[in-house]
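Student: sequence? don't have it. structure:
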């Protein structure tokens, strides 16, 4: 037991989406799967309560705001199979879950494409208030042509240009969250009738390449001010963006070697930018097949495989990287394919195949099996320790079925994690940031957002 206590605990997040078929295509057809009820609030409140009872750190809701690219020359094939379609708004869902939970982190994906930064900053501040400081934002730039066209653009922007857009978007949010209201501005003094000190509330007067925002921020500072910041980009540009801004980085990692390479690179860049290694928590996206014996594990795996739609998985990845892979033989190699789509996904697939020249079948295997750990609880936790040694701080648990995948993890794996001191048994008090980092409720001074504190005051705030 003394050896177990030397390891830090693993952070636990449930990775889901308000849709029928998320990552592991086709599993909604499983007799025990309930994700076809994704529009029923009860499905999500029950799941959130289970996660909170198990002391999970967060429920992380993915999102898209458009259809994936054509598969087999057709966009409506995604409609027919339900591949992340229909997809409902995670911000509204997390707002509902704020009322039914007390400690669980409420993370949601929102793209810079889909909402004006002034409006989005207001929405996130509201969620952070209503949840007593549990809001988290997964910052994405979108990789789907249809998403860009849905919001008035001609098509998908070039990869690095999307990050230029994200840089300005985040700058505006930082100005609103951190700079528009000084500490102590909100008075609410009933005796004097003075509600706020106008000398401590500021317009930001942002003027940039894409946006002009006058301000001030319409919401008083929330418990975290800036919500906890997730980021999932793993391309070179994405890694630099994460090193500068992210507090939690989400990786689709094919193996521990890839994890070690990416986490080391991002942390090295973060240090160059004045941040610390421990300022960024890395989450690996992993699915699990849990059994009390190896025979039970094999039977469960065979059961899930019966419903797995490999062609849907190929469509998902192909749509994300901007290439129609439908109708091609599964042994077709991808060669030197480069794209303005999700480059980090493509690079991780290349890293998962010996020789670095994957086939279309390798794409499907990568998503379905390279990120899956199957075994008894002891075997699974042994492997999770290996991932932890490679630089992972937590896991973002991909589900096959709702809620069963999380029930299996909670009932099977969690007791072994706790036995080894790798999972919390009680929540820390405070905001989500305090729970994860054990420091204050707001971003530390070494984060770039802190540079906007006092930036609009005549007298800088110390």
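Tutor: Arrived safely. Because the structure is a prediction, the values reported are computed rather than measured.
Student: isn't residue 133 right up against residue 225?
Tutor: No - between residue 133 and residue 225 there is no contact under CB atoms under 8 Å: 9.4 Å. Every residue, glycine included, has its C-beta placed from N, CA and C.
Student: where does the residue most central in space within the chain fall, secondary structure wise?
Tutor: With distances taken as CA atoms, centre = their mean, the chain has residue 138 as the residue nearest its mean C-alpha position (4.7 Å). Secondary-structure assignment from DSSP states H and E places residue 138 in strand 135-140.
Student: low pLDDT regions in the protein?
Tutor: Filtered on pLDDT under 70, the chain yields the residue ranges 1-5, 335-356, 459-462.
Student: and the strands in the stretch 351-462 of the chain?
Tutor: Listed from the start of the chain, the stretch 351-462 of the chain has strands (DSSP state E, counting those that start in this stretch) covering 372-375, 394-398.
Student: for the chain, same thing?
Tutor: Listed in chain order, the strands found in the chain under DSSP state E are 11-17, 58-62, 105-111, 135-140, 186-189, 194-196, 206-207, 212-213, 228-231, 248-251, 281-290, 372-375, 394-398.
Student: what is the fifth one packed up against?
Tutor: The reference is to strand 186-189. Where contact means 3 or more CB pairs under 8 Å, 6 or more residues apart in numbering; DSSP states H and E, strand 186-189 is packed against strand 194-196.
Student: and for the strand it packs on, what's in contact with it?
Tutor: Applying CB atoms under 8 Å, 6 or more residues apart in numbering, the set of residues contacting strand 194-196 from outside is 185-189, 220.
Student: re the thing from before, so the residue nearest to the centre of the chain touches residue 227, yeah?
Tutor: No - with contact defined as CB under 8 Å, residue 138 does not count as touching residue 227 (10.1 Å).
Student: what do these two both touch?
Tutor: Overlap between the neighbourhoods of residue 138 and residue 227 is empty, taking contacts as CB under 8 Å, 6+ apart.
Student: could I get the contacting residues of residue 442?
Tutor: 224-226, 433.
Student: same check on residue 222?
Tutor: When contacts are counted by CB under 8 Å, 6+ apart, residue 222 is found next to 125-126, 128-129, 133, 135.
Student: end-to-end on stretch 152-165?
Tutor: Length of stretch 152-165, first residue to last, CA to CA, to the nearest Å: 15 Å.
Student: chain center to it, what's the gap?
Tutor: With CA atoms, centre = their mean, to the nearest Å as the basis, stretch 152-165 stands 20 Å off its chain's centre.
Student: stretch 439-459 now?
Tutor: Taking mean C-alpha positions (CA atoms, centre = their mean), stretch 439-459 and its chain are 24 Å apart.
Student: report the buried residues of that stretch.
Tutor: Judged by neighbour count using 16 or more other CB atoms under 10 Å, the buried positions of stretch 439-459 are 441-443, 447-450, 452-454, 456.
Student: residue 215: which of those is nearest?
Tutor: When these are compared for distance to residue 215 (CB to CB), residue 456 comes out closest, at 8.3 Å.
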